[in-house]
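> sequence first, predicted coordinates after that:
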Amino acid sequence: MLQGWTVIAIAVAYIGFLFAIASYGDKLALKRPAGHGRPIIYALTLGVYCTSWTFFGSVGLAAKTGYDFLPIYLGPILTLSLGWPVLRRIVRLSKEQNITSIADFIAARYGKNQALAAIVAVIAVLGTVPYISLQLKAVSASVTTLFGDAEGSLGAISSIPLFGDIAFVTAVGMAIFAILFGTRHIDATEHQEGLMLAIAIESIVKLFAFIFVGMFITYSMFGGVGDLVAQVQNSPEIADIFNQGFVSSKWTVMTILSIVAIILLPRQFHVAVVECDNENDTKKAAWLFPLYLIAINLFVVPIAAAGLLSFPSGSVDADMFVVALPLLAGQDAVSLIAFIGGLSAATAMVIIATVALSIMVCNDLVMPIVLRGKPLGIVLRQDMGGLLLNIRRTAIFFIILLSYLYYQVIGSSFALASIGLLSFAAIAQFAPAFFGGLVWRRATARGAIAGIMTGFGVWAYTLLLPSFINSGWFSAEILAAGPFGIELLRPQQLFNIQALLGPDLDPLTHGVLWSLVLNFVAYVGFSLSR
């Protein structure tokens, strides 16, 4: 059994290694001509899309529903391989207008409307909080799996108030890491070369770790893919999971969400657009990044099948098969590699997401108030740079704190995949205003605000509210009979749409369909009603 302090020491050493990489990257950037391309690093930074959802959650989803994890990667593959000219245009527009965030970009398409930017910033934070809580859940669950009896392995630290809570320790560590790592530059338009190099290295680490663990499970614990297939076919219950095919409506919705997410998630917009130093890098990423996504998913199904064969009757959380299977084989070192890979996937996401969100909070929420604070003398401060950094650092801390609270309220009740898709659906509410602003000249800020707020409200009602209900915070009667007994307003059967589209309409498809349709209607309607 691995000892807690050993794992903690290795994790700290790994983080120290990343700091060294970042420092080296910053020094290297001083020697590189401005605007010079870095296509391989750029393509690897896009790998921040592969979070602990990929490292742990994909396996968990495959163990429950077979191949339903694939649309989450099919969307980005289609977007980069076929739609890279659109990404290149977005990068070009962003450089022309010194864009620093997705809130900045959307507002710029509608006359730099400050109210619109503020709304996008708030929704981006609220929509990303579940995804950050996913990282806390994944890391804390992997630590618990790795240690077995977590308290016994952690020794004296488990007796310290709060520090016996692995999720809390993870949240504190990630907050410190994100603040130290992500707020080293005052100018939000300045490329953070060192940070991007570190994120690219993390993409390599998690890819190597997942493939290494996958090969060990497939070829060392079992006799290869053929052996796994034969054993699965001999177990009808497991075979049914991988033979159930796919639900076209769910796959369509998940593919659409992932197409949108690869550009509109705050962390993806930051690495793909804000940190893009040369628009031509998008062309090489059009084939490099899809190859990366294919490689990191090669062993998802074999690991899921191996886990189902090795841990019958749900004795181990399927999300944790990557760590639990090597432990079962007595290979602690392989489990440790899996843990480091998952930690790398989680920390990369948290750093970039909180950096992107903190820039939005600072520029679009706090600074407009500060700049109106002339009676307080705030605008006369000489150290405005220091003020900006402190605002961003404070924002990072509170965003991670909010994510921890969300994890405590409902995050521990849901699988990783469910939490991730909830965030995807929230951020998808930017899509009509974002893409409409690129192609439709009659679109207005009023329409964009109406669409985004309508879509987000419907998302909160049809997807977020049920998650609180299922966690016991509200009466289950709301789902069964609707609020105040009004059946047409049932959150997961709004206006009895199942009667039109069929009773098998799943909650995710239902929520995404209603939120995006009403979002689009409000966006177009309010834009045309001048």
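Yes, it's here.
> isn't F177 up against I351?
Yes: assessed by Cβ atoms under 8 Å, F177 is found in contact with I351 at 6.8 Å. Any C-beta I mention is one placed from the backbone N, CA and C, and that applies to glycine too.
> which one of these two is surrounded by more residues?
I351 (25 against 19; other Cβ atoms under 10 Å).
> and the gap between that one and V524?
37 Å (Cβ to Cβ, to the nearest Å).
> please, where are all the helices along the stretch 201-350 of the chain?
225-233, 236-243, 248-264, 266-269, 281-296, 300-310, 321-328, 332-360 (DSSP state H, counting those that start in this stretch).
> so where's this structure uncertain?
Applying pLDDT under 70 to the chain picks out residues 1-4, 29-37, 148-164, 184-190, 247, 373-385, 411-417, 499-504, 530.
> ok so, going back, of all the helices of the stretch 201-350 of the chain, which lies closest to N519?
When the helices of the stretch 201-350 of the chain are compared by Cβ to Cβ, helix 248-264 sits nearest N519, at 11.8 Å.
> pull out the buried residues from the closest one.
249-251, 253-264 (16 or more other Cβ atoms under 10 Å).
> list the residues that contact I241.
Going by Cβ atoms under 8 Å, 6 or more residues apart in numbering, I241 touches A63, K64, T65, G66, L308.
> ok, now how distant is it from V301?
10 Å.
> likewise for T183?
T183 is 40 Å from V301, by Cβ to Cβ.
> on that earlier part again, for S133, which of the helices of the stretch 201-350 of the chain is the nearest?
helix 332-360 (10.4 Å).
> in the following helix or strand past the closest one, what's buried?
Following helix 332-360 in sequence order, the next helix or strand is helix 367-370 (DSSP states H and E). Within helix 367-370, the residues that qualify as buried are V370, counting by 16+ other Cβ under 10 Å.
> can you check stretch 174-187 too?
M174, A175, F177, A178, I179, F181, G182, T183, H185.
> need the residues that contact it.
15, 18-19, 22, 135-136, 192, 194-195, 198, 346-347, 350-352, 354-355, 358, 385, 388-389, 392-393, 396-397, 400-401.
> dump it to PDB, restricted to CA.
Taking C-alpha atoms only, stretch 174-187 is exported to PDB below (Å, rounded to 0.1, in the frame of the first residue of the first chain):
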ATOM      1  CA  MET A 174      -5.000  24.000  -6.700                       C
ATOM      2  CA  ALA A 175      -5.800  27.500  -5.600                       C
ATOM      3  CA  ILE A 176      -2.200  28.100  -4.500                       C
ATOM      4  CA  PHE A 177      -0.900  26.500  -7.700                       C
ATOM      5  CA  ALA A 178      -3.200  28.500 -10.000                       C
ATOM      6  CA  ILE A 179      -2.400  31.800  -8.200                       C
ATOM      7  CA  LEU A 180       1.400  31.300  -8.300                       C
ATOM      8  CA  PHE A 181       1.400  29.800 -11.800                       C
ATOM      9  CA  GLY A 182      -1.200  31.900 -13.600                       C
ATOM     10  CA  THR A 183      -0.800  35.400 -12.300                       C
ATOM     11  CA  ARG A 184       2.800  36.200 -13.100                       C
ATOM     12  CA  HIS A 185       2.000  38.700 -15.800                       C
ATOM     13  CA  ILE A 186       0.100  42.000 -15.500                       C
ATOM     14  CA  ASP A 187      -0.800  42.500 -19.100                       C
END
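> that one: how far from the chain's middle?
Offset of stretch 174-187 from its chain centre (Cα atoms, centre = their mean, to the nearest Å): 18 Å.
> tell me the contacts of F398?
Contacts of F398 (Cβ under 8 Å, 6+ apart): none.
> what helix or strand does it sit in?
Assigned by DSSP H and E, F398 falls in helix 384-409.
> continuing past that helix, what's the next helix or strand?
Helix 384-409 is succeeded, C-terminally, by helix 416-427 (DSSP H and E).
> closest one to V125 among the helices of the stretch 201-350 of the chain?
helix 332-360 (5.4 Å).
> now do that closest one and helix 321-328, the angle between them.
160 degrees (axes from the mean of the first three to the mean of the last three Cα atoms, to 10 degrees).
> list the buried ones in helix 332-360?
332, 334-360.
> and what of stretch 206-215?
Buried residues in stretch 206-215 (16+ other Cβ under 10 Å): K206, L207, A209, F210, V213, G214.
> just those now: which is nearest L291?
Distances from L291 to these, taken by Cβ to Cβ, are shortest for L207, at 10.6 Å.
> doesn't Y292 make contact with the closest one?
Yes: the pair L207 and Y292 qualifies as a contact (Cβ under 8 Å) at a distance of 6.8 Å.
> got any residues that touch both of the two?
Once Cβ under 8 Å, 6+ apart is applied, the residues that L207 and Y292 both contact turn out to be G47.
> tell me, which helix in the protein spans the most residues?
Determined from DSSP state H, the single longest helix within the chain is helix 114-147.
> now the angle from that helix to helix 248-264?
110 degrees.
> name the residues of helix 114-147 that are buried.
In helix 114-147, counting by 16+ other Cβ under 10 Å, buried: 116-147.
> for stretch 94-108, same thing?
S94, K95, I99, T100, S101, I102, A103, D104, F105, I106, A107, A108.
> any chance of TSV for these, columns distance to R490 and secondary structure?
Output for the buried residues of stretch 94-108, formatted as TSV (distance: Cβ to Cβ, whole Å; DSSP: H, G, I helix; E, B strand; the rest coil):
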residue	distance to R490	secondary structure
S94	42	helix
K95	47	helix
I99	41	coil
T100	41	coil
S101	36	coil
I102	33	helix
A103	33	helix
D104	38	helix
F105	36	helix
I106	32	helix
A107	36	helix
A108	39	helix
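> could you look up the SS state of I8?
helix (DSSP: H, G, I helix; E, B strand; the rest coil).
> ok, it to S81 distance?
In terms of Cβ to Cβ, I8 sits 41 Å off from S81.
> number of residues surrounding R490?
There are 19 residues near R490, going by other Cβ under 10 Å.
> no wait, Q244
12.
> what does S313 give?
5.
> one more: the one 10 residues further on?
Applying other Cβ under 10 Å, we find 27 other residues in the vicinity of V323.
> my read: it touches G342, true?
Yes: if you go by Cβ under 8 Å, V323 and G342 touch, sitting 7.4 Å apart.
> overlap of the contact sets of the two?
Common neighbours of V323 and G342 (Cβ under 8 Å, 6+ apart) are S142.
> what domains does the record give for the chain?
37-417, 440-530 (automatic domain parsing).
> return the most buried member of those domains.
domain 37-417 (a mean of 20; mean count of other Cβ atoms under 10 Å).
> what's the nearest residue to L46 if we skip its chain neighbours?
Leaving aside its sequence neighbours, L46 sits nearest to F289 (Cβ to Cβ, 6 or more residues apart in numbering; 4.8 Å).
> dump the residue contacts of that neighbour.
A43, L46, G47, P76, L80 are the contacts of F289 under Cβ under 8 Å, 6+ apart.
> just give me the residue right at the centre of this protein.
Y131 (5.0 Å; Cα atoms, centre = their mean).
> what sits against the closest residue in space to that residue that isn't next to it in sequence?
Spatial nearest neighbour of Y131, excluding adjacent residues (Cβ to Cβ, 6+ apart): S423 at 3.9 Å. By Cβ under 8 Å, 6+ apart, S423 lies in contact with G127, T128, V129, P130, Y131, L134, L265.
> isn't the second one right up against S358?
No: counting by Cβ under 8 Å, T128 sits too far from S358 to count as a contact (11.3 Å).
> anything in contact with each of those two?
Common neighbours of T128 and S358 (Cβ under 8 Å, 6+ apart) are I399.
> wait, A22 sits on I199?
No: A22 lies out of contact with I199 (Cβ under 8 Å); the separation is 9.1 Å.
> which among the contacts of F289 gets closest to D364?
L46 (24.5 Å).
> which residues sit in contact with the closest one?
Neighbours of L46 in contact, by Cβ under 8 Å, 6+ apart: L80, I262, Q268, V271, A272, A285, F289, Y292.
> if anything else comes up later, I'll come back, but that's it for now.
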